[in-house]
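**Q** dropping a prediction and its sequence here:
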Amino acid sequence: MKIYLISNCESENNENEYDHKVDLSSEGSKHAKFVGVFIANKLKKISWNGNVHGRIWYSPYLTSKRTKDIIVKTLKEYGLLFNNGCYESASLANQQRGLFDGVASKDVKIVLDQEYYEFKYSLDDRGEFWTQYPRGESAFNVTQRVQQMFKTIHHDKEHHGIDLTLIISHDIVIRSFIMMWLHKTVEWFENEPIYNPGSIQMIDCKKNCNCIFEGF
């Protein structure tokens with residue numbers, strides 16, 4: 001089994017990347033095309049008459065949808081098709097920031113002064129993994145919902161013979177996925193560098209995880 005984990009490409013406003021309506025930037029669209037070519041070159045060696053026996057999952061956020069659309073279009077240009085389709089999963093949505101959602105990171109301190117300082121105190125005291133956004137999620141919460149995907153992936157493997165899964169989502173979701181799939185520690189999560197837009201992590205059948213493309 002192989003799982004490719006692709007970080008969304010650059011959005012129009014990376015300062016407000018938690019807004020589910022934000023689209024890719026023009027550069028992000030070009031980067032998604034490049035990622036599609038990279039994936040095509042990997043998959044054409046294992047395809048059968050252009051058919052890839054795999055499935056694509058993506059976050060419901062617009063950046064994920066657009067990244068997916070461009071990658072799928074590029075694969076078609078290379079004569080490749082995922083014959084088990086593409087599916088959206090709410091489990092792959094970005095971390096919910098509650099009151100901070102829709103507010104640019106640089107403006108949170110001004111717009112939500114009290115909530116910001118309470119959040120910052122918790123962040124300094126408890127760390128990124130345990131700190132929950134006001135009326136939103138902590139990274140711990142993200143790991144719990146991401147883990148819901150595992151049964152689906154194992155079911156696909158056991159009942160449909162699908163041993164290739166491509167996931168397009170957000171940095172924190174991908175780090176959470178890797179942490180839970182490979183039984184990593186909280187310390188690993190907090191020390192793992194943020195993945196660049198368009199980067200690709202690959203989990204192989206031996207349960208190793210490697211960065212095969214560093215992104216942009």
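**A** Yep, it's here. Numbers count the residues shown, from 1 in each chain.

**Q** what does the helix or strand harbouring Ile167 contact?
**A** According to DSSP states H and E, Ile167 maps onto strand 164-169. With C-beta atoms under 8 Å, 6 or more residues apart in numbering as the test, strand 164-169 has contacts from 1-8, 39, 43, 46, 52-59, 64, 67-68, 71, 82, 92, 94, 149, 153, 156, 174, 177. Using the backbone N, CA and C atoms, a C-beta is placed for each residue, glycine as well.

**Q** C-alpha coordinates for that strand, CSV please?
**A** The C-alpha trace of strand 164-169 is given here as CSV (Å, rounded to 0.1, in the frame of the first residue of the first chain):
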residue,chain,number,x,y,z
LEU,A,164,-2.8,3.4,-3.8
THR,A,165,-4.4,6.4,-2.1
LEU,A,166,-3.8,10.0,-3.0
ILE,A,167,-4.8,12.6,-0.3
ILE,A,168,-4.9,16.3,-0.9
SER,A,169,-5.3,18.4,2.2
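
**Q** show me what that strand pairs with in its sheet, parallel or antiparallel.
**A** strand 2-7 (parallel), strand 55-58 (parallel) (DSSP bridges).

**Q** which is the next helix or strand following that strand?
**A** In N-to-C order, the element after strand 164-169 by DSSP H and E is helix 171-181.

**Q** list the helices and strands that following helix packs on?
**A** Counting by 3 or more C-beta pairs under 8 Å, 6 or more residues apart in numbering; DSSP states H and E, the packing neighbours recorded for helix 171-181 are strand 2-7, helix 139-146, helix 148-160, strand 164-169, helix 186-191, strand 200-203.

**Q** in the helix or strand that comes right after the first one, what counts as buried?
**A** Moving toward the C-terminus from strand 2-7, the next helix or strand (DSSP H and E) is helix 26-43. Of the residues in helix 26-43, those with enough neighbours to count as buried (16 or more other C-beta atoms under 10 Å) are 28-36, 38-40, 43.

**Q** average pLDDT for helix 26-43?
**A** Average pLDDT, helix 26-43: 96.

**Q** send me stretch 65-83 as PDB with only the CA atoms.
**A** The C-alpha trace of stretch 65-83 is given here as PDB (Å, rounded to 0.1, in the frame of the first residue of the first chain):
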ATOM      1  CA  LYS A  65     -10.600  21.200  -4.600                       C
ATOM      2  CA  ARG A  66      -8.700  23.400  -7.100                       C
ATOM      3  CA  THR A  67      -5.400  21.500  -6.400                       C
ATOM      4  CA  LYS A  68      -7.200  18.200  -7.000                       C
ATOM      5  CA  ASP A  69      -8.900  19.500 -10.200                       C
ATOM      6  CA  ILE A  70      -5.600  20.600 -11.700                       C
ATOM      7  CA  ILE A  71      -3.800  17.400 -10.700                       C
ATOM      8  CA  VAL A  72      -6.600  15.200 -12.200                       C
ATOM      9  CA  LYS A  73      -6.600  17.300 -15.400                       C
ATOM     10  CA  THR A  74      -2.800  17.000 -15.700                       C
ATOM     11  CA  LEU A  75      -3.000  13.200 -15.100                       C
ATOM     12  CA  LYS A  76      -5.500  12.900 -18.000                       C
ATOM     13  CA  GLU A  77      -3.200  14.900 -20.200                       C
ATOM     14  CA  TYR A  78      -0.700  12.100 -19.500                       C
ATOM     15  CA  GLY A  79      -3.300   9.500 -20.300                       C
ATOM     16  CA  LEU A  80      -3.800   8.500 -16.600                       C
ATOM     17  CA  LEU A  81      -7.000   7.900 -14.800                       C
ATOM     18  CA  PHE A  82      -7.700   6.900 -11.200                       C
ATOM     19  CA  ASN A  83     -10.300   4.200 -11.900                       C
END
